[in-house]
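A.B. asks: 3D, please:
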Amino acid sequence: MRRSGVLRGGIVLAGFLVVVPASGAERPVATSAARIRDAVSSERLSLERCVELALKNSHRRKAAASEAEVAAARSGQARSGRFPEVSAGVTFTRLDQDPDFVFPASSIAVPASSFVVPPMTVTLPADAFGPGMPPVNVPLPVPGSTIAIPAQTMQIPQQNVKLMDRNLLAGSLSAVYPLYTGGLVGARIAQAKAGVEVARHEQRRTDLEVVYDVTRAYHGAVLAHQLVTLARDTLTRMEATLTITESLYKTGSGRVKKTDYLRNKSMTESVRAMVADLEHQERTARAGLEAAVEWEAPGGIEIADEELAYVPGEARLEATLDQADSSSPEIARVRAALVAARAGIDVARSGHLPKVGAFADLRLFGNSYDAGIMSARNKATWSIGVGVEVPVFQGFRVVNDVRAARAGAQKLEQQLVSLREGVAFEVKQVCSQLEKARTQLTATKEAYQAAKENRALNIRAYEDDLVETKDVIEAQLMEALLAAQHFKALYDNLEAQARLHLIVGQGAAPAPETTGRR
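C.D. replies: Predicted coordinates for the structure are as follows:
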């Protein structure tokens, strides 16, 4: 029974120590050679420094910031509907010849007619033909008469009239101002504002994800380092025990059998293999942290912390649920998208309503010809007016647009309900993990301290020939197993807190104060 216990302890230890979190390696991020110019390979980075570098250089964060800029620009585009549209243009045209207008030859038929000259008296003034001729005014009676005009045809020849010179310089200035759009402009502005909110919450979500990824990778690298240190210490003790066992076996005292020596040697070599595997796991964890930070400086990252620390923090479930519902970026993003979807209903509904707009137009023409259509009056013209567009029938397009917009809003409403339930479940799950980690930390700390004392006592007793070889091996492996469990519980506590910050929408967790492992 004692031997099988030693064997089981070694197997459990082997299976546990190789499980080193490498969260940063799970999500590789593209890197750029133009970043982190100020970093040096010998710099030892704390968690805060790693988070700072990641937020500074993250491509995901830059992409989210660009998306926010796009949303802000679209908001400006939507607001432009409140202002008049003014446009100006200048054109110069040269025709192959002067344009003209040809009046064709024609004839006008004049019918026969007559007119009557009534009788009248004409007075011949005195001295009309010379002095004294006649000496006085002489009245002359004129009898009435009728004059007849025969029918005739008047011929009008063809006429070629020049309209303007073939070189024409034309300038225009026009303005259109929407007076009533059926709510279209206001709804689009509301959509754009909601889009800005969506992009802002998405950017905040990306920042939180970057902080979470770096925090998780950093703590994973620290855990890997602790497990490597633990495995090396265990290997050193096992080698020392093996040396004592080998010495006692070769002296032939009979207290140590060959089976004891071989058992000790096999477990020592197994721990040696574990050390090599854990060193690989530590390099992988460091690579994951470098990927999360997007590190490219030569030499890799050297982390400042060598040990995980316990960060106390009690998550009150009800308060945390309320905070998550009010500040979770994922919930806020869907809520903003729902506002945009509801504004989209108004956009679609505006297709049923008329549009009213005022317009003004000024046109100037430069032409060397001052006749034809290029008179002084025609060279400068302006016009103002009001236009009304009334939709009559669009083939039921607007009706279906409204139905689609309403269905999209209803879909987001259901997604919001589902998301809130999912976030609440995640909060409950993480709070349960925190409670479990705190309970495990208390138990594993006590067990670890007891195993450490038991190992020290067994080694001293073995040197005094008071215990068997298998008891020493079991004590050493048990200490390593319980130490690894304690370190893993510390990591679980830190990871759960970082996960809770991500879900609730808080920033990075405060840097813990490290405590001695021994």
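A.B. asks: just the pLDDT for residue 5.
C.D. replies: Note for residue 5: predicted pLDDT of 41.
A.B. asks: cool, the one 4 residues further on as well?
C.D. replies: Per-residue confidence for residue 9 comes out at a pLDDT of 43.
A.B. asks: one more: residue 25?
C.D. replies: For residue 25, the predicted pLDDT is 39.
A.B. asks: quick one: mean pLDDT for the helix or strand containing residue 195?
C.D. replies: In the assignment (DSSP states H and E), residue 195 maps to helix 184-251. Across helix 184-251, pLDDT averages out at 90.
A.B. asks: pull out the buried positions in the following helix or strand past it.
C.D. replies: Where DSSP H and E defines the elements, the next helix or strand beyond helix 184-251 is helix 258-293. Of the residues in helix 258-293, 260-261, 263-264, 267-268, 270-272, 274-275, 277-278, 281-282, 284-293 count as buried by neighbour count, 16 or more other Cβ atoms under 10 Å. All C-beta spots, glycine's among them, are computed from the backbone N, C-alpha and C.
A.B. asks: follow-up on the earlier one: how far does the helix holding residue 195 sit from its chain's centre?
C.D. replies: Taking Cα atoms, centre = their mean, to the nearest Å, one finds the center of helix 184-251 at 25 Å from the center of the full chain.
A.B. asks: same question for stretch 302-313.
C.D. replies: The answer for stretch 302-313 is 33 Å, by Cα atoms, centre = their mean.
A.B. asks: can you give me the buried ones in it?
C.D. replies: 303-305, 307-310.
A.B. asks: same check, this time on stretch 203-222
C.D. replies: 203-222.
A.B. asks: same deal with stretch 367-387?
C.D. replies: Buried residues in stretch 367-387 (16+ other Cβ under 10 Å): 367, 369, 372, 374, 379.
A.B. asks: report the lowest-confidence entry in those.
C.D. replies: Among these, residue 372 has the weakest pLDDT, 86.
A.B. asks: does that one belong to a helix, a strand or coil?
C.D. replies: For residue 372, the secondary-structure state derived from DSSP: H, G, I helix; E, B strand; the rest coil is coil.
A.B. asks: shift numbering so it begins at 31
C.D. replies: Got it, the first residue is 31 from now on, which makes the last one we talked about residue 402.
A.B. asks: now residue 401: phi and psi?
C.D. replies: Main-chain dihedrals, residue 401, degrees, to the nearest 10: phi -120, psi -170.
A.B. asks: list the contacts of it.
C.D. replies: Residue 401 sits next to residue 192 when contact means Cβ atoms under 8 Å, 6 or more residues apart in numbering.
A.B. asks: tell me the pLDDT at it?
C.D. replies: pLDDT at residue 401 comes out at 88.
A.B. asks: what of residue 471?
C.D. replies: 88.
A.B. asks: and for it, the neighbour number?
C.D. replies: For residue 471, the count of nearby residues is 18 (other Cβ atoms under 10 Å).
A.B. asks: that one should be in a helix, yeah?
C.D. replies: Yes - the assignment for residue 471 by three-state DSSP puts it in a helix.
A.B. asks: how far away is it from residue 520?
C.D. replies: 7 Å (Cβ to Cβ, to the nearest Å).
A.B. asks: can you check which residues contact both of the two?
C.D. replies: Shared contacts of residue 471 and residue 520, counting by Cβ under 8 Å, 6+ apart, come down to residue 340.
A.B. asks: and the buried residues of stretch 397-417 as JSON lines, adding distance to residue 502?
C.D. replies: Output for these, formatted as JSON lines (distance: Cβ to Cβ, whole Å):
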{"residue": "397", "distance to residue 502": "113"}
{"residue": "399", "distance to residue 502": "118"}
{"residue": "402", "distance to residue 502": "119"}
{"residue": "404", "distance to residue 502": "116"}
{"residue": "409", "distance to residue 502": "113"}
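A.B. asks: what is the nearest of those residues to residue 536?
C.D. replies: residue 409 (70.6 Å; Cβ to Cβ).
A.B. asks: can you pull the contacts of that closest one?
C.D. replies: Here residue 409 is in contact with 394-397 (criterion: Cβ under 8 Å, 6+ apart).
A.B. asks: redo that, cut-off 10 Å
C.D. replies: 194, 200, 393-397, 399-400, 403 (Cβ atoms under 10 Å, 6 or more residues apart in numbering).
A.B. asks: any chance of a markdown table for those, columns distance to residue 360 and secondary structure?
C.D. replies: Below are the contacts of residue 409 laid out as a markdown table (distance: Cβ to Cβ, whole Å; DSSP: H, G, I helix; E, B strand; the rest coil):
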| residue | distance to residue 360 | secondary structure |
| --- | --- | --- |
| 194 | 68 | coil |
| 200 | 57 | strand |
| 393 | 56 | strand |
| 394 | 58 | strand |
| 395 | 61 | strand |
| 396 | 63 | strand |
| 397 | 66 | coil |
| 399 | 71 | coil |
| 400 | 73 | coil |
| 403 | 67 | coil |
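A.B. asks: including distance to residue 98, could the residues you listed go into CSV?
C.D. replies: Below are those laid out as CSV (distance: Cβ to Cβ, whole Å):
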residue, distance to residue 98
194, 55
200, 44
393, 43
394, 44
395, 48
396, 48
397, 53
399, 58
400, 59
403, 55
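A.B. asks: for residue 178, state which of the residues you listed is nearest.
C.D. replies: When these are compared against residue 178 (criterion: Cβ to Cβ), the nearest one is residue 403, at 44.7 Å.
A.B. asks: look up how far residue 129 lies from that closest one.
C.D. replies: In terms of Cβ to Cβ, residue 403 sits 9 Å off from residue 129.
A.B. asks: joint contacts of these two?
C.D. replies: 192-194.
A.B. asks: list only buried entries from these.
C.D. replies: For the shared contacts of residue 403 and residue 129, buried by 16+ other Cβ under 10 Å: residue 194.
A.B. asks: can you list the domains in this protein?
C.D. replies: 76-113+211-383+421-534, 114-131+197-210+386-420, 136-186 (automatic domain parsing).
A.B. asks: ok now the last one, how far from the chain's centre?
C.D. replies: Centroid separation between domain 136-186 and its chain, computed with Cα atoms, centre = their mean, is 99 Å.
A.B. asks: pLDDT averaged over that domain, what's the number?
C.D. replies: 82.
A.B. asks: what two of the buried residues of stretch 397-417 are the furthest from one another?
C.D. replies: Between all members of these, the farthest pair (by Cβ to Cβ) comes out as 402 and 409, at 11.3 Å.
A.B. asks: can you pull the buried residues of stretch 189-208?
C.D. replies: 194-196, 198, 208.
A.B. asks: swap that for stretch 350-362, please
C.D. replies: So, applying 16+ other Cβ under 10 Å, buried residues of stretch 350-362: 350-351, 353-354, 358-362.
A.B. asks: same thing with stretch 453-471?
C.D. replies: For stretch 453-471, the neighbour count (16+ other Cβ under 10 Å) marks 453-454, 456-457, 460-461, 463-464, 467-468, 470-471 as buried.
A.B. asks: which residues touch the nearest residue to residue 365 once chain neighbours are set aside?
C.D. replies: Nearest residue to residue 365, sequence neighbours excluded (Cβ to Cβ, 6 or more residues apart in numbering): residue 446, at 6.4 Å. Residue 446 is in contact with 361, 364-365, 367-368, counting by Cβ under 10 Å, 6+ apart.
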